[in-house]
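Asks: test case, fold it:
(one chain, ligands or ions: 1)
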Amino acid sequence: MINLGILISGRGSNMESILNFLKENNIADICPKIVISSKPEAEGLKKASKYGVPTRVVSNNSKGWDYDSEIINILQEYDVNPENGLVCLAGYMRLLSPEFVRKYKMRIMNIHPSLLPSFPGLNSQKKALDYGVKVTGCTVHFVDEGLDSGPVIAQKHVAVLDNDTFETLSERILIQEHILYPNCVKLFSEKRLLVEGRRVIVT
Ligand code: GAR
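Replies: The predicted structure follows:
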């Protein structure tokens with residue numbers, strides 16, 4: 001059994017895709033324990049409640065480990081531990097401290113709207129358009145101490161169309177995100193992700 005903690009900052013559509021996937025497929029091996037938001041106004045909080053998942057907000061101004069230790073206290077309160085837990089970042093707009101990453105080593109995943117290592121950081125869809133690439137997409141990766149730099153678990157490509165805007169491209173990437181992320185969570189719970197250096201092998 002994997003105890004799942006999800007961290008959000010906004011809309012929470014990726015969070016919802018995971019919660020919906022678990023519900024629709026009656027996946028009993030993954031238990032969503034807690035959704036934590038860095039913003040009190042995050043739309044995702046209401047969505048989580050709809051699925052009966054407890055929510056908390058940590059919106060103080062502290063930084064680094066001071067902030068993350070509060071997050072970890074909540075995760076542990078809900079039994080999301082380094083031994084039994086998975087932490088999913090789903091539109092969580094904060095960089096994790098090295099202490100957090102080390103404590104939950106290879107047990108934190110993130111979804112990013114580009115084919116990493118291209119276009120890390122914010123506004124990746126705009127960066128892809130501005131650069132003029134013909135193909136972009138989304139990436140699920142384990143979180144390491146860098147920015148969007150951890151081992152890649154899976155990716156999906158999306159063609160960039162000549163008439164794409166930030167909105168239209170983001171929308172098509174998001175559709176793929178919603179397919180990719182729940183599948184990666186499932187693979188993790190089945191212990192099918194083997195990390196060998198930077199490579200993640202699906203067994
Ligand atoms: C998603 O597109 C996600 O990939 C991106 O923010 C959006 C959150 O949407 N994350 C990042 O850019 C992280 N660097 P959501 O709140 O509806 O899941």
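Asks: next helix or strand past the lengthiest helix in the chain?
Replies: Ranked by residue count under DSSP state H, the longest helix found in the chain is helix 166-189. Counting by DSSP states H and E, the next helix or strand C-terminal to helix 166-189 is strand 193-196.
Asks: which other helices and strands does that next one contact?
Replies: strand 199-202 (3 or more C-beta pairs under 8 Å, 6 or more residues apart in numbering; DSSP states H and E). For the C-beta atoms, the positions are set from N, CA and C on the backbone; glycine is no exception.
Asks: what comes into contact with the strand it packs on?
Replies: With contact meaning C-beta atoms under 8 Å, 6 or more residues apart in numbering, strand 199-202 is reached by 142, 151-154, 187, 192-195.
Asks: this protein against the ligand: which residues are in contact?
Replies: Residues of the chain lying near the ligand by C-beta under 6 Å from any ligand atom: 8, 10-14, 44, 90-91, 111-113, 148, 174, 177.
Asks: coming back round to it: give me the buried stretch members for the longest helix of the chain, please.
Replies: Within helix 166-189, the residues that qualify as buried are 169-170, 172-174, 176-178, 180-189, counting by 16 or more other C-beta atoms under 10 Å.
Asks: looking at that helix now, give me its mean pLDDT.
Replies: On average, the pLDDT along helix 166-189 is 98.
Asks: which helices and strands sit right next to it?
Replies: strand 2-8, helix 13-24, strand 30-37, strand 85-89, strand 108-112, helix 124-131, strand 135-142, strand 152-159.
Asks: thinking again about what came up before, among the contacts of strand 199-202, which two are most distant?
Replies: 152 and 192 (15.2 Å; C-beta to C-beta).
Asks: how about the secondary structure of the residue of the chain found nearest the ligand?
Replies: Closest contact between the chain and the ligand, by C-beta to the nearest ligand atom, is at residue 91 (2.6 Å). Assigned with DSSP: H, G, I helix; E, B strand; the rest coil, residue 91 falls in the coil class.
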